[in-house]
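Asks: next one to model:
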Amino acid sequence: MSDQIETRVTRLEERVTSIRSDVTELERDVKANYVTKTELSPIAKLVYGAVAIMLMAVISAVVALVVGKGG
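Replies: Numbers count the residues shown, from 1 in each chain. Here you go, the predicted structure:
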């Protein structure tokens, strides 16, 4: 009975060690490869601005078509 417990404890220790190394690797990847919100903010503002301009152009064109046909 105690051999089974020791075997399980050993397996659990191996799994914990493996998980720790995986977490350490993920932490390194996050620090090296991911963009923070402060770095992304100016780009997001530019994209939102461009999309807003395009939508205004489309809405203006639709309004011009509607108004032009009414008169």
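Asks: all helices for the protein, in order.
Replies: 2-33, 37-70 (DSSP state H).
Asks: those into TSV, with extra columns for mean pLDDT and mean neighbour count?
Replies: Every residue, glycine included, has its C-beta placed from N, CA and C. As requested, the helices of the chain are arranged in TSV below (pLDDT from 0 to 100; neighbours: other Cβ atoms under 10 Å):
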stretch	mean pLDDT	mean neighbour count
helix 2-33	93	9
helix 37-70	92	9
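Asks: any idea how far Val23 is from Asp29?
Replies: 11 Å (Cβ to Cβ, to the nearest Å).
Asks: just Glu39 next, same as before
Replies: 17 Å.
Asks: next: Arg11.
Replies: 27 Å.
Asks: domain-wise, how is this protein divided?
Replies: 1-34, 40-71 (automatic domain parsing).
Asks: the first one: how far from the chain's middle?
Replies: When C-alpha coordinates are averaged (Cα atoms, centre = their mean, to the nearest Å), domain 1-34 and its chain have centres 26 Å apart.
Asks: now do stretch 56-65
Replies: 34 Å.
Asks: same thing with stretch 32-42?
Replies: So, by Cα atoms, centre = their mean, the centroid of stretch 32-42 is 10 Å from its chain's centroid.
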